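In: The following comprises the amino acid sequence and a computationally predicted model.
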Amino acid sequence: MYLKRLSVSLTIAIWAVAITSLLANDESVDFKGKSMSEFVSPDGRIDLDAVRKSGYQGALDLKGVNVRIDPVTGEPLVQTAPLPASASDPDDIYWDNSISPSLSEGVNNNVRALTVYDNKLIVGGDFTSAGGVAANGIASWDGSSWSALGTGMGGAFPWVYALAVYDNKLIAGGEFNYAGGVAANGIASWDGSSWSALWLGIYGNAYALTVYNNKLIAGGGFLYAGVLVTNNIASWDGFSWSTLGTGMNGSVHALTVYGNKLIAGGYFTSAGGVSANNIASWDGSSWSALGTGMNNNGVSALTVQDNKLIAGGTFASAGGVAANKIASWDGSFWSALGTGMNNNGVSALTVQDNKLIAGGDFNSAGGVAANFIASWNGTSWSALGSGMNGGVSSLTVYDNKPIAGGYFTTAGGKVSAYLARWTKPCCEGIRGDVNGDGADAEMLDLNYLVDRIFRNGPPAGCRNEADVNSDGTSANIVDLNFLVNRIFRGGAAPGACI
């Protein structure tokens with residue numbers, strides 16, 4: 001691991017020397033300077049070939065970009081700086097920083113993973129304190145205060161990259177060697193009071209966790225799980241590790257379940273010996289490709305929305321279709337989600353009230369200014385206020401509110417130490433505005449609901465708005481009858497949103 005960090009330092013130094021040498025011609029230097037963003041590849045790497053081929057010789061303007069280290073690959077990444085936050089953005093009132101209002105009260109470093117366990121928000125990353133309490137790499141928030149989970153993680157780099165719940169226990173995966181003082185290589189379980197190893201653990205890093213067929217699935221960059229050669233993915237049944245075929249020929253960074261199959265995304269070109277470009281499915285016995293997969297950049301996040309698999313990452317196309325950093329799979333074909341994202345793309349996904357929320361390293365979604373976080377309602381992208389001042393690497397929903405974690409220190413212009421909560425109510429005013437146009441219980445809403453129920457049309461922007469009769473279920477025949485009765489017979493008005 002030391003050599004890995006040393007390699008990073010040398011790489012940065014070599015690139016700095018290379019760029020300097022390119023700019024050494026005294027007579028033709030353009031002191032005005034081109035933006036470095038012009039010479040950055042789609043995945044955020046510095047493209048020296050592009051500099052050479054352009055013939056440009058002059059200073060590179062660093063304004064508007066930040067350089068950071070990719071926590072997974074260890075390579076330098078050029079990140080476009082966020083657009084200036086607008087004090088007049090009305091939606092910034094919905095960003096809540098009470099989880100982490102300052103470094104002394106929030107977490108003191110990057111958040112990389114989020115989940116919910118025992119009705120508490122669990123936060124993983126490379127921090128050492130939460131709410132002023134010593135918490136090495138992992139902590140819990142009960143809605144009002146922070147707590148450590150034992151002594152947390154230990155090792156040269158005691159970082160948590162992934163979280164899941166399995167067999168009523170919290171599972172943490174990452175780069176650590178110890179959990180609560182117990183030897184635990186890369187993965188460990190917490191039962192509410194103490195940490196335990198999962199036998200010999202994994203030999204490498206765990207980047208993703210999920211549950212499939214009553215087994216815990218771990219994906220990452222590792223050769224062994226226990227004593228088995230598993231090639232970057234393995235399953236745990238509570239007693240021992242098992243292989244999933246011959247695994248992948250590259251690292252796995254995202255896992256989910258879709259259509260009764262395990263879906264794995266990452267940076268690989270084959271799964272179980274089958275050609276599969278950065279994404280593949282496992283049916284319990286063999287691996288299959290999802291169409292032609294993604295182009296030469298990988299998948300970093302997966303979720304399911306409206307019966308479709310959603311994949312986010314650094315790719316520019318999916319299944320041969322232009323899809324900038326995000327795409328959906330319906331079981332047969334890949335589709336774009338609008339014009340997608342710019343810059344280094346999508347690192348995290350979650351769903352709240354039928355809306356997809358994407359976080360990552362971008363400042364535009366569907367052509368709309370959106371700093372590092374945005375929501376998709378099935379037809380278009382929207383910003384969440386003025387967003388963050390740095391990347392979002394993890395998302396979850398806690399207490400029916402989206403929680404974002406990452407590398408940022410402000411959200412909506414408010415000091416937010418690597419964590420923030422979005423509190424805008426999904427349903428506002430009166431139920432029945434199914435199509436989200438601001439007018440309640442009218443023919444357009446009826447048409448939208450019919451299309452949704454009988455033709456699998458797009459979901460309502462908010463689940464509660466489609467719950468016309470307020471019975472707790474949305475977009476069904478009972479809601480349709482209620483709406484028909486209201487429009488044509490002067491029936492009862494839909495109830496207020498809660």
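Out: Arrived safely.
In: Could you use CA atoms for every contact and neighbour count after this?
Out: Noted.
In: Pull stretch 323-339 out as PDB, backbone CA atoms only.
Out: Extracted C-alpha coordinates of stretch 323-339, given in PDB (Å, rounded to 0.1, in the frame of the first residue of the first chain):
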ATOM      1  CA  ALA A 323     -25.400   7.700 -22.700                       C
ATOM      2  CA  ASN A 324     -23.300  10.200 -20.900                       C
ATOM      3  CA  LYS A 325     -22.400   8.600 -17.500                       C
ATOM      4  CA  ILE A 326     -25.800   7.200 -16.800                       C
ATOM      5  CA  ALA A 327     -28.200   4.700 -18.600                       C
ATOM      6  CA  SER A 328     -31.100   2.400 -18.000                       C
ATOM      7  CA  TRP A 329     -31.600  -1.300 -18.900                       C
ATOM      8  CA  ASP A 330     -35.100  -2.700 -19.400                       C
ATOM      9  CA  GLY A 331     -34.100  -6.300 -19.600                       C
ATOM     10  CA  SER A 332     -33.400  -6.100 -23.300                       C
ATOM     11  CA  PHE A 333     -32.000  -2.700 -24.300                       C
ATOM     12  CA  TRP A 334     -30.000   0.200 -23.000                       C
ATOM     13  CA  SER A 335     -31.400   3.800 -23.000                       C
ATOM     14  CA  ALA A 336     -30.100   7.200 -22.200                       C
ATOM     15  CA  LEU A 337     -31.500   9.300 -19.400                       C
ATOM     16  CA  GLY A 338     -31.700  12.600 -21.200                       C
ATOM     17  CA  THR A 339     -28.300  13.900 -22.200                       C
END
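In: Sort out which residues of it are buried, please.
Out: 323-329, 334-339 (16 or more other Cα atoms under 10 Å).
In: And stretch 442-454, by the same measure?
Out: Buried residues in stretch 442-454, defined by neighbour count with 16+ other Cα under 10 Å: 442, 444-446, 448-450, 452.
In: Need the max-distance pair from those.
Out: With distances taken as Cα to Cα, the most widely separated pair in these is E442 and R452, at 15.5 Å.
In: Can you tell me which of the buried residues of stretch 323-339 lies closest to G250?
Out: Nearest member of the buried residues of stretch 323-339 to G250, counting by Cα to Cα, is K325, at 19.4 Å.
In: hang on, isn't that closest one packed against G340?
Out: Yes - with contact defined as Cα atoms under 8 Å, K325 reaches G340; the gap is 6.1 Å.
In: phi, psi of the residue lying closest to G359 once chain neighbours are set aside?
Out: Excluding the flanking residues, the one nearest G359 by Cα to Cα, 6 or more residues apart in numbering is I373, at 4.4 Å. Per-residue torsions, I373: phi -160, psi 140 (degrees, to the nearest 10).
In: just W159 next, same as before
Out: W159 adopts backbone torsions of phi -110, psi 140, taken as degrees, to the nearest 10.
In: Leaving out sequence neighbours, find the closest residue to it.
Out: Nearest-residue entry for W159: D126, 4.7 Å, with adjacent residues in sequence omitted and distances by Cα to Cα, 6+ apart.
In: Just want to check the distance between that neighbour and F176.
Out: Taking Cα to Cα, to the nearest Å as the measure, D126 falls 10 Å from F176.
In: of those two, who's got more company?
Out: F176 (27 against 23; other Cα atoms under 10 Å).
In: Contact partners for the more buried one?
Out: For F176, the contact set (Cα atoms under 8 Å, 6 or more residues apart in numbering) comprises 153-160, 184-187.
In: Skipping its backbone neighbours, what lies nearest it in space?
Out: In space, F176 is closest to P158, 4.2 Å off (Cα to Cα, 6+ apart).
In: so who does the one you found touch?
Out: P158 sits next to 126, 136-137, 174-178 when contact means Cα under 8 Å, 6+ apart.
In: can you pick the most crowded of the residues you listed?
Out: Scoring the contacts of P158 on neighbours with other Cα under 10 Å, the highest-scoring entry is G137 at 33 neighbours.
In: Touching, it and G124? I think so.
Out: Yes - using Cα under 8 Å, G137 is in contact with G124, at 5.5 Å.
In: Mind listing the shared neighbours of those two?
Out: Counting by Cα under 8 Å, 6+ apart, the residues touching both G137 and G124 are 159-160.
In: per-domain residue ranges of this structure.
Out: Annotated domains of the chain cover 2-80, 90-422, 427-498 [automatic domain parsing].
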